[in-house]
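[1] Okay, here's the prediction I keep looking at, along with the sequence it came from:
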Amino acid sequence: MKIELTRENFKAALAALKKARPARVALRAGAGLPGSAEGLAALKAAADLCIERGVPLEIAGIAPCLAPGYARYLKTSPGKSSPCPAAKKCFLAGGCSGIPARHAAQAAAFKPPERGFTDLERCMLAILSAKNGLSTAQVLKAARGLKICSSCSNEGEVFRAAERLIKFGLVAKKYSGGEYLWIKN
Ligand code: SF4
């Protein structure tokens, strides 16, 4: 069963799915859906119905930021998407092929969702807030004096946490004197 939910039809489409007993379902986010909170809720309700009934499901025409928790069902179409301007700051970008071409006019609705920081990331931000422009070794030394977590045991972990923060645009790195210095933006 193929169902295209649009801003206009989502209530009727969801009602039709509830009545039907399809063997499999292909949901598609149609016109206007990214900008409609109610429409997106209907898309998720339709997906949940399929999942609860054990019906094989595929969701097309939407990006992970507008369907959090449904990544495994998303059908990506790289050739039919345009690059997302917010991708560099989006932790979901690795599993996203961009803004579906059909929703180009609603690109503003595709925004990176909030992501909680790991203890390592919080620790690094706290350290750089106190003193900016530290080397990896200096960050590691400072971390030993903080009680945010105790899992930071080597420079590799500091480096990886910093690289993730760079991806979110919160930290920058500068190569100086043969080593990287980490700078909180
Ligand atoms: S914000 Fe952009 S990169 Fe992130 S999931 Fe949405 S469309 Fe993809």
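    Received the coordinates, thanks. Residues are numbered from 1 along each chain as shown.

[2] What's the local residue count around Ile62?
    Neighbour count of Ile62, defined by other Cβ atoms under 10 Å: 25. Backbone N, C-alpha and C define where each C-beta goes, glycine included.

[3] can you pull the contacts of Leu181?
    133-135, 173-175 (Cβ atoms under 8 Å, 6 or more residues apart in numbering).

[4] Now do the residue most central in space within the chain against the ligand, distance only.
    In the chain, the C-alpha nearest the mean C-alpha coordinate belongs to Leu92, at 2.8 Å (Cα atoms, centre = their mean). To the ligand, Leu92 is 4 Å away according to Cβ to the nearest ligand atom, to the nearest Å.

[5] May I ask which helix or strand of the chain has the lowest mean pLDDT?
    Counting by mean pLDDT, DSSP states H and E, the weakest-scoring helix or strand in the chain turns out to be helix 155-167, with a mean of 86.

[6] Just list the residues touching the residue lying closest to Asn9 once chain neighbours are set aside, thanks.
    Spatial nearest neighbour of Asn9, excluding adjacent residues (Cβ to Cβ, 6 or more residues apart in numbering): Gly30 at 7.8 Å. The contact partners of Gly30, by Cβ under 8 Å, 6+ apart, come to 4-7, 9, 61, 102.

[7] Mind giving me the ChimeraX select for those, buried ones only?
    In ChimeraX, a selection of the buried entries from the contacts of Gly30 looks like this (16 or more other Cβ atoms under 10 Å):
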select :4,5,6,9,61,102
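
[8] near the ligand, which residues of this protein show up?
    Applying Cβ under 6 Å from any ligand atom, we find that the chain lies next to the ligand at 63-65, 84, 86-87, 90, 92-93, 96, 99, 110-112.

[9] Any of the residues you listed buried? List them.
    Buried members of those, counted by 16+ other Cβ under 10 Å: 63-65, 84, 86-87, 90, 92-93, 96, 99, 110, 112.

[10] re earlier: measure the residue nearest to Asn9 to Gly169 for me?
    In this view, Gly30 and Gly169 are 32 Å apart by Cβ to Cβ, to the nearest Å.

[11] Could you list the low-pLDDT ranges of the protein?
    78, 149-151 (pLDDT under 70).

[12] Mark out where each domain of this protein begins and ends.
    Split into domains by automatic domain parsing, the chain comes to 2-109, 119-184.

[13] all strands of this protein, in order?
    In the chain, strands defined by DSSP state E lie at 2-5, 25-29, 57-60, 74-75, 81-82, 99-100, 134-135, 171-176, 179-184, listed in chain order.
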